[in-house]
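Participant: Provided below for reference: sequence and predicted model.
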Amino acid sequence: MAVTLDIADLRARKERPASSLAAPAVPAEVVLAATKGDGLGCHSGKATMRAAAEAAGMSDTLEQLRKDYPQGPHDQPQSMCPAFGSLRVGLRMRRTATILSGSACCVYGLTFTSHFYGAKRSVGYVPFNSETLVTGKLFEDIREAVFDVAKPADYDAVVVINLCVPTASGVPLRLLPKQIDGVRIIGIDVPGFGVPTHAEAKDVLAGAMLKFARTEAEQGPVQAPRAGRAERPTVALLGEMFPADPVVIGALLEPLGLAAGPVVPTREWRELYAALDCTAVAATHPFYTASIREFQTAGRPIVGSAPVGHDGTADWLDRIGEACAVPRATVDAAKNRFLPMIRGALAANPIKGRITLSGYEGSELLVGRLLVESGADLRYVGTACPRTPYSEADQAWLEARGVTVRYRASLEHDLAAMMDFRPDLAIGTTPVVQKAKAHGIPALYFTNLISARPLMGVAGAGSLAKVINAAIGNQHRFDTMRDFFAGVGEGHSAGIWEDVPKLRQNVASATRGKGAHDPIGEMA
């Protein structure tokens with residue numbers, strides 16, 4: 001894509017009218033392909049959107065996304081819009097403004113979901129239409145919005161997120177100024193046809209911020225953390241986790257002479273510097289590929305997995321000790337101190353029953369390890385996230401104990417596993433839970449009821465038993481309800497009726513076409 005705009009001039013002369021700084025024009029047929037397609041706008045299909053983006057000069061961006069977040073073996077897992085992950089990261093940071101550029105329906109859904117999950121600030125939005133895309137006016141509007149928002153008294157950073165249509169149309173956020181009056185400008189593309197899951201979209205923004213912060217740190221002194229620099233060498237924690245888990249990890253690190261560093265994604269810009277200042281990185285979420293790349297560029301070793309259960313904690317302490325050059329005797333002393341307590345907590349909180357587990361948060365394998373060590377008969381773990389070198393230890397541990405592990409698991413994979421293994425409890429996403437309950441199988445929603453609990457160390461060892469055993473113990477209630485409602489809302493009685501529905505024998509059942517299939521996803 002030819003760029004005629006002088007970037008240095010753009011940075012130095014922000015007072016120039018936006019109309020004189022228009023983004024390079026994209027052929028109208030490319031833009032219309034992205035915005036119209038089959039007449040459904042951003043629903044025109046991933047192939048159409050991807051082809052339009054590549055024709056609009058976004059090939060490098062899409063290629064990097066393909067490397068960082070490989071899809072396959074199927075098209076894409078069924079989860080919420082991936083951009084929610086990046087939006088969530090921005091909204092949880094102090095002094096950070098977030099602006100979306102995308103179709104109005106997408107922006108509405110993302111802002112609704114964000115506030116449903118507790119966001120307490122507004123989301124900026126730059127609307128567009130086919131004309132502003134074709135003429136390049138959308139880029140001017142985004143630039144104007146950024147200058148309007150980027151006030152150093154209010155913000156450290158402004159995040160601009162391109163959704164599907166602006167990415168497919170080649171709206172070049174890379175041409176935005178890198179900073180305005182000291183306020184950093186972070187422009188990222190998070191298209192649904194390039195980023196598979198919202199969990200990985202968190203890494204898109206976290207990685208972009210780490211890269212910016214690393215560049216700043218290389219150029220000179222940077223702002224210290226709010227609580228001051230840690231006295232001990234730190235271990236940065238990569239991936240969102242339950243608030244108690246960093247505290248537990250800090251307690252595990254203390255006998256090693258180490259401290260828990262910031263959790264990435266961070267809650268404030270200057271925490272990024274503290275994260276980069278670590279001695280090692282604990283990749284509790286092993287699919288944060290862009291963030292891992294920035295830490296490695298900064299010369300920081302990466303340690304996969306997490307201190308979950310007895311075996312997981314023992315292995316993790318060993319590898320943290322190696323990465324941070326802690327004497328072997330010190331590591332062994334820490335293990336002798338903590339492992340008996342973890343073993344005792346697991347024994348005191350047993351889980352009995354057959355379980356299938358699936359989700360799209362990225363901690364599914366860690367939860368699986370904890371379930372197995374708690375005594376559960378775990379048959380299947382499915383995660384929408386990809387396989388990486390930093391999850392191989394968890395995969396090998398689970399498979400050695402007879403657990404089927406599937407990366408990039410689709411809803412169909414998760415449902416098939418549930419029907420094959422007929423568990424006493426199904427843990428999964430909303431449609432998995434719905435299907436399980438329809439079959440009289442107790443089920444728990446992974447995101448709200450399982451991943452929102454401590455998993456690490458002694459606290460994690462006994463955290464799951466109560467809720468899981470209670471759910472398994474409700475089997476008799478499901479049996480009673482199923483017997484009572486047998487046949488209701490199924491077949492000829494499906495729907496809403498004023499009278500008792502009757503099966504009409506003279507109406508032949510419609511024959512499904514060859515390509516017909518059952519509905520999938522949240523609305524199944």
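Facilitator: Yep, it's here. Residues are numbered from 1 along each chain as shown.
Participant: So residue 386 sits against residue 287, correct?
Facilitator: Yes: applying Cβ atoms under 8 Å as the test, residue 386 and residue 287 come out as touching, 5.6 Å apart. (Each C-beta comes from the backbone N, C-alpha and C, glycine too.)
Participant: Tell me the residues that contact both of the two, please.
Facilitator: 69, 200 (Cβ atoms under 8 Å, 6 or more residues apart in numbering).
Participant: These two - which one has more neighbours?
Facilitator: Each of residue 386 and residue 287 has its neighbours counted (other Cβ atoms under 10 Å); residue 287 has more, 27 against 21.
Participant: Please report how far that one lies from residue 482.
Facilitator: 38 Å (Cβ to Cβ, to the nearest Å).
Participant: Point out where the chain drops to low pLDDT.
Facilitator: Residues of the chain meeting the criterion pLDDT under 70: 1-44, 72-79, 506-524.
Participant: 50 instead?
Facilitator: Applying pLDDT under 50 to the chain picks out residues 1-24, 32, 37-40, 510, 512, 519-524.
Participant: In contact with the residue nearest the centre of it: list those residues for me.
Facilitator: Centroid-nearest residue in the chain: residue 199, 0.9 Å away (criterion: Cα atoms, centre = their mean). Taking Cβ under 8 Å, 6+ apart, we find residue 199 in contact with 85, 285, 287, 360-362, 384-385.
Participant: What about those, which are in helices?
Facilitator: Residues of those located in helices (DSSP state H): residue 85.
Participant: Just the strands from the stretch 151-300 of the chain, written as ranges.
Facilitator: With DSSP state E, counting those that start in this stretch as the criterion, the stretch 151-300 of the chain has strands at 157-162, 179-180, 183-189, 234-238, 259-264, 280-283.
Participant: do the same with the chain
Facilitator: Listed in chain order, the strands found in the chain under DSSP state E are 96-101, 124-125, 157-162, 179-180, 183-189, 234-238, 259-264, 280-283, 302-304, 354-359, 377-383, 404-406, 425-428, 443-445.
Participant: ranking these by burial, who's on top?
Facilitator: Scoring the strands of the chain by mean neighbour count under mean count of other Cβ atoms under 10 Å gives strand 425-428 as the most buried, with a mean of 29.
Participant: What is the distance between that strand and the centre of its chain?
Facilitator: On the basis of Cα atoms, centre = their mean, to the nearest Å, strand 425-428 is displaced by 20 Å from the centre of the chain it belongs to.
Participant: Can you name the residues in contact with that strand?
Facilitator: 353-359, 367, 382, 414, 418, 432-433, 436, 441-446, 450, 468, 471-472.
Participant: Can you show me the CA trace of that strand as CSV?
Facilitator: In CSV, the C-alpha atoms belonging to strand 425-428 read as follows (Å, rounded to 0.1, in the frame of the first residue of the first chain):
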residue,chain,number,x,y,z
LEU,A,425,-20.9,-33.0,35.5
ALA,A,426,-20.2,-31.0,32.4
ILE,A,427,-18.2,-27.8,32.8
GLY,A,428,-18.2,-25.6,29.7
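Participant: partners of that strand in the sheet?
Facilitator: Strand 425-428 sits in its sheet next to strand 354-359 (parallel), strand 443-445 (parallel), going by DSSP bridges.
Participant: Let me see the contact set for residue 421.
Facilitator: The contact partners of residue 421, by Cβ under 8 Å, 6+ apart, come to 354, 356, 379-380.
Participant: quick one: which of the residues you listed is nearest to residue 113?
Facilitator: residue 356 (26.3 Å; Cβ to Cβ).
Participant: quick one, what contacts the closest one?
Facilitator: Under the criterion of Cβ under 8 Å, 6+ apart, the neighbours of residue 356 are 378-380, 382, 414, 417-418, 421, 423, 425-428.
Participant: and with 6 Å instead?
Facilitator: For residue 356, the contacting residues are 379-380, 417-418, 421, 423, 426, by Cβ atoms under 6 Å, 6 or more residues apart in numbering.
Participant: Ok, residue 167 next?
Facilitator: By Cβ under 6 Å, 6+ apart, the neighbours of residue 167 are 53, 189, 191.
Participant: how near is the first one to residue 84?
Facilitator: Yep, that's residue 53 we're talking about. Taking Cβ to Cβ as the measure, residue 53 falls 20 Å from residue 84.
Participant: More neighbours: these two, which one.
Facilitator: Counting neighbours by other Cβ under 10 Å for residue 53 and for residue 84 shows that residue 53 has the greater number, 28 against 22.
Participant: so what's the more buried one closest to, chain neighbours aside?
Facilitator: Nearest non-adjacent residue to residue 53, counting by Cβ to Cβ, 6 or more residues apart in numbering: residue 168, 4.4 Å away.
Participant: beta partners for residue 158?
Facilitator: Beta-bridge partners of residue 158, as defined by DSSP bridges: residue 97, residue 185.
Participant: Quick check: it touching residue 149?
Facilitator: Yes: contact criterion Cβ atoms under 6 Å: residue 158 and residue 149 qualify, at 5.4 Å.
Participant: Need the overlap of contacts for these two.
Facilitator: In contact with both residue 158 and residue 149: residue 97, using Cβ under 6 Å, 6+ apart.
Participant: For the stretch 101-250 of the chain, just list every one of the helices.
Facilitator: Remark: helices assigned in the stretch 101-250 of the chain by DSSP state H, counting those that start in this stretch are 104-116, 130-135, 137-149, 164-168, 198-219, 244-253.
Participant: want to try a markdown table for the ones you listed, with distance to residue 281 as columns?
Facilitator: Output for those, formatted as a markdown table (distance: least, Cβ to Cβ, whole Å):
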| stretch | distance to residue 281 |
| --- | --- |
| helix 104-116 | 28 |
| helix 130-135 | 40 |
| helix 137-149 | 31 |
| helix 164-168 | 29 |
| helix 198-219 | 11 |
| helix 244-253 | 12 |
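Participant: Highest mean neighbour count out of the ones you listed?
Facilitator: Looking across the helices of the stretch 101-250 of the chain with neighbours counted as mean count of other Cβ under 10 Å, the highest average goes to helix 164-168: a mean of 31.
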